[in-house]
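> could you look at this predicted model? Sequence included:
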Amino acid sequence: MEKPAQTDYPIHDLLRQRYSTIAFDGYRPVEADKVGSLLEAARWSASCFNEQPWRFIMATKQNPTAYQKLLGCIVEANQTWAKNADILMISVGKQRFTRNDNPNPYGMYDVGQALGTLTIQAEAIGLRVHQMGGFDKEKAREVYGIPIGFEPAAAVAIGYPADLTSLEDEGLKEREMSPRVRKPLSEIVFSETWEQSYF
């Protein structure tokens, strides 16, 4: 299914077509070279002082035990559709700079940038990404032994998109078909003073 953004100004087609699907093809594995491309895109994302604070815990359906372990960290409402994605991930951010052990206030921002870069790479190779806050951070920390100084950021589902028939629940079908909406630029871009619109 395609839901291109209705933009006020031209943007790249990859950005227009990107959306967080909940309809994943549960029978089509993501090829190893494409998995590598996704992770390579994230690896080359920008970061403050080139700290590269992102870490990724990943499982694919090719390893059912690892997959179920990661799926178990995702909240039940999200499991209903995320279980069809071929790849599940949890992104994690390092909280302190390696060079001087000072707090890194930009670390989680950089983790988000890395996932953003991965997401656009996914669109470029025919995959879809859905990032979610609906996961149990403490369970992930315990299950994976995430050390102090690293903070779970988001859960991620990645895979080939499927059509609406893959969604058994009518509520999920409605959610997938719902229009994409964004605040107007006048509400999010300011000039001179707070909430004085640039536009």
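All right, it came through fine.

> surely Q62 meets P29?
Yes: with contact defined as CB atoms under 8 Å, Q62 and P29 form a contacting pair (6.4 Å). C-beta coordinates here come from the backbone N, C-alpha and C atoms, glycine included.

> more crowded one of those two?
P29 (16 against 12; other CB atoms under 10 Å).

> mind checking how far the residue nearest to the more buried one when sequence neighbours are not counted is from M132?
For P29, ignoring the flanking residues on the chain, the nearest one in space by CB to CB, 6 or more residues apart in numbering is D86 at 5.2 Å. Plainly put, D86 is 16 Å away from M132 if you go by CB to CB, to the nearest Å.

> okay, those two: which has more neighbours?
Higher neighbour count among D86 and M132: D86, with 24 against 16, using other CB under 10 Å.

> isn't the more buried one right up against A32?
No: using CB under 8 Å as the test, D86 is too far from A32 to be in contact (11.5 Å).

> what's the burial count for A140?
21.

> got the CA positions of the worst-scoring helix or strand of the chain on mean pLDDT in CSV?
Among the helices and strands of the chain, helix 170-177 carries the lowest confidence by mean pLDDT, DSSP states H and E, at a mean of 94. Extracted in CSV, the C-alpha atoms of helix 170-177 (Å, rounded to 0.1, in the frame of the first residue of the first chain):
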residue,chain,number,x,y,z
GLU,A,170,-10.5,-4.4,11.3
GLY,A,171,-9.2,-1.7,13.7
LEU,A,172,-5.7,-2.3,12.3
LYS,A,173,-7.0,-2.1,8.7
GLU,A,174,-8.6,1.2,9.5
ARG,A,175,-5.4,2.4,11.1
GLU,A,176,-3.4,1.4,8.0
MET,A,177,-5.8,3.2,5.6
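
> great, nothing more from me.
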